[in-house]
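Chemist: structure for this input, please:
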Amino acid sequence: MDSVEICNMALGMLGMPFITSFGDNNNHAQLCKRFFPALRDRVLRDHNWSFATKFCELQQLNVTSPDPRYAYVCGLPGDILRIVELIDGRPYRRIGRKIFVRELPATLVYTARIEDPELFDDTFTEALQYLLAAEIGMAHTRDAQLANLHRQEYERILAVARSIDSQENRHAAQNSPPRSFWLTGRGRNDDCRPVKWTEGNAGKQSQ
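Modeler: A predicted model of the protein is given here:
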């Protein structure tokens, strides 16, 4: 399935004519061309999709860190959309296109911009279709009620994706140090400290 086919699925939900390409001389194609890249990236950011997860060994920049808590300044990959974590739960701070860390070497786990629809998994494609339907429908018809229905379906599909992810990555989650996702989402993780988990004692921490 390519990007035009994904857009046509969204247009079909809205009862709008299909397009043959983003270059078609009609309003539907222009809306799809405008919304598709931005909404694709939004859906990628909204969940830790396994197909979009990459690992990168951080490389130090020739820059002096202004923050004494983080001695090393490193560059971020060009295709990064969102930091997931540093391996071993190490603390970090992101400012713009740089990441500040306390130790090197360090391996970054991140969500990458994936532009090839052939690499999308089925749940991601379904979520993207509903978000496209919500935004294109709102721009075309100004029907807020219909747009909200499609956004609700989008959130439902994300919940399904998170449930699948929690099952497939249960072992990794049980053996990873707990972290504040609120702080991570704001680009800060200053107060996170590794917690040692005792094997076989679910939810118990060793002192």
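
Chemist: a helix runs through Lys54, doesn't it?
Modeler: No - membership of Lys54 in a helix is not supported by DSSP: H, G, I helix; E, B strand; the rest coil, which gives strand.

Chemist: mind listing what it touches?
Modeler: When contacts are counted by C-beta atoms under 8 Å, 6 or more residues apart in numbering, Lys54 touches Pro77, Asp79, Val109, Tyr110, Thr111, Ala112. The way it works is simple: take the backbone N, C-alpha and C, and place the C-beta from them, glycine included.

Chemist: give the buried residues for stretch 127-147.
Modeler: By 16 or more other C-beta atoms under 10 Å, the buried positions in stretch 127-147 come out as 127-138, 146-147.

Chemist: in helices, which of these fall?
Modeler: Using DSSP state H, the subset of these located in helices is 127-138, 146-147.

Chemist: and which of those residues is nearest Leu44?
Modeler: Leu44 has its nearest neighbour among those in Leu128, at 9.1 Å by C-beta to C-beta.

Chemist: list the contacts of that closest one.
Modeler: Leu128 makes contact with Ile6, Leu39, Arg40, Val43, Phe120 under the criterion C-beta under 8 Å, 6+ apart.

Chemist: what distance do you get for the fourth one to Pro77?
Modeler: Distance check for Val43 against Pro77: by C-beta to C-beta, to the nearest Å, it reads 19 Å.

Chemist: which one of those two has more residues nearby?
Modeler: A direct count of neighbours by other C-beta atoms under 10 Å for Val43 and Pro77 places Val43 higher, at 23 against 16.

Chemist: now Val63. Nearest residue, chain neighbours left out?
Modeler: The spatially closest residue to Val63, leaving aside those adjacent along the chain, is Val73, at 4.4 Å (C-beta to C-beta, 6 or more residues apart in numbering).

Chemist: pop out the phi and psi values for that neighbour.
Modeler: Per-residue torsions, Val73: phi -110, psi 130 (degrees, to the nearest 10).

Chemist: what is the burial count for it?
Modeler: By the measure other C-beta under 10 Å, the count of residues near Val73 is 20.

Chemist: ok, now which ones touch the residue positioned nearest the centre of the chain?
Modeler: What sits nearest the mean C-alpha location of the chain, by C-alpha atoms, centre = their mean, is Arg45, with 2.2 Å. Listed by C-beta under 8 Å, 6+ apart, the contact partners of Arg45 are Leu81, Arg82, Thr111.

Chemist: how about a cut-off of 10 Å?
Modeler: Listed by C-beta atoms under 10 Å, 6 or more residues apart in numbering, the contact partners of Arg45 are Ala52, Leu81, Arg82, Thr111, Arg113, Gly185.
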